[in-house]
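J.: Sequence isn't available, so here's the structure alone:
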């Protein structure tokens, strides 16, 4: 190493050869020491990327030279500020005049990698891929690779030499990237290869690494898949396919976009899964991601998905042990620093995207198309898979714009996209396919294979048996309450669906005490429970209202109150339903849970009937916010009024026969007059409470744009209303001593959390963290508790389990929220501070997370 500079010498003379620049620190029993060199780490990541591509069923999607791009991700660590960052951590002599803390001004070493690649004239997209490998775009405005702050020309020459050495060692040139989609794929490969290449297999710089590449990939879950070949539909599911299912399976013969519009209860899920199996068995797909509207619905589908995998995976498939147990992928795979407890990617909802098979929410998939931290890792995880988008209907303009972009991206990534919906209108179908359509049949399959871009096949599907439901539209809540209690007392199984969590909680409180007096069971199901409580409630009530509860159905009457989670993907069957009024497509989804199965045992008094609580049409059109209440802030007042116009006067509906005409009557474009013209204008242009769909589309496009700042995940909304993006950890109590933090969970379980990471092994940390993650509840921004500082959370060791973010870097995420549940059910802060500036917060295991408005506010 050249001598360090004196104060009057230029920094360029204080250069350190790239071979001697460290990339990592390494913890030993004697303390923190220098870890692997930048050159060694870059070589490892390049070879890890090569092995990932080699093992990927979607290998053809990656450009030649992908491994070199991945390897060069850290060439920016050959810089004086990063060098001093490592030396300072190891208490070693630093290069004079280079302050490591300045790195936050340009996004750290990743920004230097990007500028260096640009100086090397790397092809389009490559510099940005290097710059984004920590998940976000660095701020490099006005900066150049040879700037003095990066070490000037001398340090730049070392970085250029390192890039040249890596090119020689890997035997590759820069990749030529053909599209934005392929750039996102390569960016995801780079990040994942970096995570694995930073893991335990490669930490000790004294040990050789070449032989550990395969083992590291195995431990990360990248193991070969094998299937039982040639299985029939009946062998997979235990019953023969219906004609509608057979037609879909016939159509899905290659990657492309396929839309199945069919009524509730027709077996869309089984049809999509078997079509996916056929794609897997023929080698045209690399896995399955089953995306659902909410986490609650995904839990029940997961059980069905497990049964499916048990049937189709070969007995010797290495993924059987990983995939057939709820947290196995999280606990048993090793994904390096980002994927360890406390890392940004140690989260089942995120990690599942990298597993070959996963059930999750549509939100995680949508972020694959967004300019959000690690969005491109999600795109990498979905490439080449069968992506099933369940319960797709008329989302708001914001989410619809994101969904259209996702479908277009997945098409480019050679995915097979199967879109399932009971209530899609023609205009929305055309937007999803980006193709004109003609058919107005129902049920309907629309097929658009990727290899025939202009070809659109529209195939009518037999509807099956129809069923009649009596419908009453009324405004008398008290009459509905009395009717629900009466019917439940007679032994009926009743649903009551509200449009907001707050209204569902209040309705449950109104009904529960009176129901108990009558010997009627009453429950509540919505999205704001901890995972443990949600699972318990869901297992109990969904099983009682599903086929599993048929033998217990006649033991007592029951009332299940819930929100929109009850309208989607749940195989529940009620005798009678009351619903707050909602758009037509939502109402039809809800009606799909009433007299769903012909053979369901029912008490003799039951008739197939639904009551819809709605204002009078004149009142609704005159003042929708007042008339519809909170529902007018969840759904568009204009759409509510259009829907009420359709339903007013109906006394019965035939399903599925009436679905198409009810949907099209609600959503067909038309000229409006008077107040309806005003509400249509507000739908497009917004008001002081809500943004209009034009603004929502623009906002969504900003989220999709590749330029500009990368959004933190906590701020990357995928739904503009009722966004539940904040995680709150709920505990009974928390305290600490010199060695441990003691955490009491809501069920009374005590957990000791070491304050030093080395006190537990990695497997123990994973198990402990997975347990704590089950104490999380997701809440919308306005209902979140006040935050505690990162320093406070670190004092209790929570950074070992949860990613707390780096608040000094504005590109990164906000910190975890923590709340303590007192004996009165009220929430308080981790140090006893006020939990919310405006409201009282509480948590009950039967009510969930609840916001109580303070008097006078």
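T.: Arrived safely. Values in this document were obtained by computation on a predicted structure and should not be read as measured data. Numbering: from 1, shown residues only.
J.: use CA for all of it now, contacts and neighbours both
T.: Fine.
J.: so where is this structure shaky, pLDDT-wise?
T.: Along the chain, the model assigns pLDDT under 70 to residues 1-13, 294-300, 320-352, 393-396, 569, 700, 702-703, 705-725, 805-815, 854-857.
J.: At the geometric centre of it, which residue sits there?
T.: The centroid of the chain falls nearest to residue 364 when counting by CA atoms, centre = their mean (2.4 Å).
J.: Am I right that that residue is in a helix?
T.: Yes - judged by DSSP: H, G, I helix; E, B strand; the rest coil, residue 364 forms part of a helix.
J.: For residue 251, see how far away it is.
T.: Distance, residue 364 to residue 251, using CA to CA, to the nearest Å: 27 Å.
J.: just checking, residue 43 touches residue 168?
T.: No - applying CA atoms under 8 Å as the test, residue 43 and residue 168 come out as separate, 10.8 Å apart.
J.: who's more crowded, these two?
T.: residue 43 (25 against 12; other CA atoms under 10 Å).
J.: Okay, that one and residue 474: tell me how far apart.
T.: Residue 43 is 70 Å from residue 474, where distance means CA to CA.
J.: do the same with residue 309
T.: Counting by CA to CA, the gap from residue 309 to residue 474 is 46 Å.
J.: With neighbour numbers in mind, choose between the two.
T.: Taking neighbours as other CA under 10 Å, residue 309 and residue 474 compare with residue 309 leading, 19 against 16.
J.: give the contact list for the spatially closest residue to residue 44 that is not a sequence neighbour.
T.: Spatial nearest neighbour of residue 44, excluding adjacent residues (CA to CA, 6 or more residues apart in numbering): residue 197 at 5.9 Å. Going by CA atoms under 8 Å, 6 or more residues apart in numbering, residue 197 touches 41, 44, 45, 48, 336.
J.: all helices of the stretch 601-750 of the chain, in order?
T.: 617-622, 624-628, 631-634, 637-647, 659-667, 674-685, 693-704 (DSSP state H, counting those that start in this stretch).
J.: Compare those helices and report which one is nearest to residue 153.
T.: Of all these, it is helix 693-704 that lies closest to residue 153, at 36.5 Å by CA to CA.
J.: what angle separates that closest one from helix 674-685?
T.: Computed by axes from the mean of the first three to the mean of the last three CA atoms, to 10 degrees, the angle separating helix 693-704 from helix 674-685 equals 10 degrees.
J.: which strands and helices sit next to helix 693-704?
T.: Using 3 or more CA pairs under 8 Å, 6 or more residues apart in numbering; DSSP states H and E, the elements in contact with helix 693-704 are helix 397-412, helix 674-685.
J.: The longest one packs against which elements?
T.: Same thing as helix 397-412. Secondary-structure packing of helix 397-412 (3+ CA pairs under 8 Å, 6+ apart): strand 256-261, helix 362-366, strand 416-421, helix 426-433, helix 693-704.
J.: rewinding a little: phi first, then psi, for the residue nearest to residue 44.
T.: Per-residue torsions, residue 197: phi -70, psi -10 (degrees, to the nearest 10).
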